[in-house]
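Engineer: sequence and predicted model, in that order:
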Amino acid sequence: MRDWLGREINYLRMSLTERCDLKCIYCRDENYYCRGKQELRTDEIAKLTDSFVRLGITKVRLTGGEPLVRKDLAEIVTIVSSHPEIKDIAMTTNGQGLAGRVAELKKAGLKRLNISLDSLDETCYREMTRGGDLYRTLSGIREAIDAGLGVKVNVVVVRGKNEREVDRFIDLASKEPLDVRFIELMPIGTFGEKSENHISNEEIIRSHPELHRVAARSESQPSVDYQGEGFTGRVGFISPVSHRFCDQCNRVRLTSDGKLRMCLGRNEETDLRPHIEDADLTGIIREAIFRKPAKNEFTQLYHANRRMNQIGG
């Protein structure tokens, strides 16, 4: 369907949980406890997915928190993939529990993975994730590539933490069949709201003249893609703060507790859970999507009402 600005909304980011086995510095405070009690059940996910498909959703990304902490993850992937209208099913994960589960998830219908990996240095990775094991994530990436799944590596560049590793990540994209995507730190949460932690993607691009821009794989993708001479993969830049892409945004977000959120950088939500059994559930979703805001508020005095793990990225 189309919203009031004529944007075709066909992409749903579905958060399955707030829980996560890591505590990344830009995602949540170290002492914040992630809830699990309010998570949508599989039968609720099935009914909501039915309604979203009726409205024209053709692409679904499963997010968290960390989706792999849900024991029924493969069942959820199967529910989503049972709709032939959905052409693309992807998942965002930190990869800590990915190795050993790739075959099961691929069989259920998963096609692509976005894997968060903010450092290739063991010490820095442990610091930025507050305890993560770098080699568990690297093993999951290798298993996913070998299984033929599409793989994108997401890197949030933080000043004073991992900005010196940009060259290493670009080298990774040159040698492996994957995309490395640099994502600007967003002003969400205590850490993200501190301007001294931010690095714009423009700064990275200017310092790497060997990269040349290449055609996007999709008109609605948020990343601007580059390659260098002889690259196997790509380098992408996602810049929601310095360069809005709101006029081409085709996505909405469903939080793990059933709230429909139109924009990562806006606080407006519609609670769908009380209406899951309603005959007009689809109409309620349609009305909410039609009112999708024109743009995010990242460049204003924005204060998010949820932490990143609660929104779903």
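Structural biologist: Alright, I've got the coordinates. Residues are numbered from 1 along each chain as shown.

Engineer: show the average pLDDT along stretch 232-242.
Structural biologist: Per-region confidence: stretch 232-242 scores 88 on mean pLDDT.

Engineer: so for that stretch, what gets flagged as buried?
Structural biologist: Gly233, Arg234, Val235, Gly236, Phe237, Ile238, Ser239, Pro240, Val241 (16 or more other C-beta atoms under 10 Å). (C-beta placed from N, C-alpha, C; glycine too.)

Engineer: now the helices for the stretch 51-200 of the chain?
Structural biologist: Per DSSP state H, counting those that start in this stretch, the stretch 51-200 of the chain carries helices over the ranges 73-81, 102-108, 122-129, 134-146, 166-175, 189-192.

Engineer: weakest of these in terms of mean pLDDT?
Structural biologist: Among the helices of the stretch 51-200 of the chain, helix 189-192 carries the lowest mean pLDDT, a mean of 70.

Engineer: for the residue lying closest to Thr49 once chain neighbours are set aside, give its distance to Ile45.
Structural biologist: The spatial neighbour of Thr49 that comes closest, neighbours along the chain excluded (C-beta to C-beta, 6 or more residues apart in numbering), is Val80 at 5.8 Å. Noted for Val80: a distance of 8 Å to Ile45, by C-beta to C-beta, to the nearest Å.

Engineer: which residues do the two both contact?
Structural biologist: When contacts are counted by C-beta atoms under 8 Å, 6 or more residues apart in numbering, Val80 and Ile45 have Met14 as shared neighbours.

Engineer: how about the strands of the protein, start to end?
Structural biologist: Taking DSSP state E, the strands of the chain run over residues 11-15, 59-63, 88-93, 112-116, 150-157, 179-184, 212-213, 223-227, 234-238, 251-254, 259-261, 269-271.

Engineer: of these, which is nearest Glu39?
Structural biologist: Smallest distance to Glu39 across these (C-beta to C-beta): 9.1 Å, for strand 11-15.

Engineer: thinking again about what came up before, turn the helices of the stretch 51-200 of the chain into TSV, including mean neighbour count and distance to Val157.
Structural biologist: Rendered in TSV, the data for the helices of the stretch 51-200 of the chain read as follows (neighbours: other C-beta atoms under 10 Å; distance: least, C-beta to C-beta, whole Å):
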stretch	mean neighbour count	distance to Val157
helix 73-81	19	29
helix 102-108	16	27
helix 122-129	17	11
helix 134-146	18	17
helix 166-175	17	7
helix 189-192	18	12
